[in-house]
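In: no letters, just coordinates:
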């Protein structure tokens, strides 16, 4: 009789142990999935565009830069910074030419702008738009070397300059995310009348 009771107690303990382990595994899978695979939408000021970002980042407003940009955000861990500006597309007769001129002015003024390691200009596709990208490094106001990747996106209405940056030592860690974030670009600005 004592063995039967002991066996039942062991069986109940095993069932509880397996249940706890199953619950822990499910919770781990759920939170891991939420962390790595779910995403949030970041909208620019004045609803020009939105970006989809992984929930592994928690972006907040960069209050100091809000007046200069339609999007100025950084991850709460300060691992990635995103800045954007928009210009009326009517100001540019030829988007490609304007982009090449802007890029060349950056190359020609590297010393003056205190930038270095500027890459070549590369044509890519973002959403349904032809876009251009290049990268460079610079020293920020805290004397830290930063890596910045510029995305120049021309839509029917606007010419966007989107920059995503991190500290140079984190470049390889976040570089793939830069492209993922930029390629999630979606213009939401209403047609101007």
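Out: Done, it's in. Note that the coordinates shown come from a computational prediction; the quantities given were computed from them, not determined experimentally.

In: all contacts plus neighbour counts: C-alpha atoms, from now on.
Out: Noted.

In: and stretch 160-176, end to end?
Out: 21 Å (C-alpha to C-alpha, to the nearest Å).

In: so what touches that stretch?
Out: 79-87, 137, 144-154, 178, 182 (C-alpha atoms under 8 Å, 6 or more residues apart in numbering).

In: which among the residues you listed end up buried?
Out: 79-86, 137, 145-154, 178, 182 (16 or more other C-alpha atoms under 10 Å).

In: so residue 171: helix, strand or coil?
Out: Classification of residue 171 by DSSP: H, G, I helix; E, B strand; the rest coil places it in helix.

In: before we move on, the earlier item: out of the buried ones among the contacts of stretch 160-176, which are inside helices?
Out: Among those, the members falling in helices (DSSP state H) are 178, 182.

In: for residue 149, which non-adjacent residue is closest in space?
Out: Once flanking residues are discounted, residue 149 sits nearest to residue 135: 4.2 Å by C-alpha to C-alpha, 6 or more residues apart in numbering.

In: is the one you found in contact with residue 122, as I believe?
Out: No - checked against C-alpha atoms under 8 Å, the pair residue 135 and residue 122 is beyond contact range at 9.9 Å.

In: okay, these two: which has more neighbours?
Out: Taking neighbours as other C-alpha atoms under 10 Å, residue 135 and residue 122 compare with residue 135 leading, 19 against 11.

In: list the contacts of that one.
Out: So residue 135 contacts 117-120, 147-150 (C-alpha under 8 Å, 6+ apart).

In: also residue 83?
Out: 69-73, 162-164.

In: hmm, try it at 6 Å
Out: 71-72, 162-163 (C-alpha atoms under 6 Å, 6 or more residues apart in numbering).

In: make JSON lines from those residues and add secondary structure, distance to residue 128 and neighbour count to it.
Out: JSON lines is the format used below for those (DSSP: H, G, I helix; E, B strand; the rest coil; distance: C-alpha to C-alpha, whole Å; neighbours: other C-alpha atoms under 10 Å):
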{"residue": "71", "secondary structure": "strand", "distance to residue 128": "21", "neighbour count": "27"}
{"residue": "72", "secondary structure": "strand", "distance to residue 128": "24", "neighbour count": "23"}
{"residue": "162", "secondary structure": "strand", "distance to residue 128": "16", "neighbour count": "21"}
{"residue": "163", "secondary structure": "strand", "distance to residue 128": "19", "neighbour count": "22"}
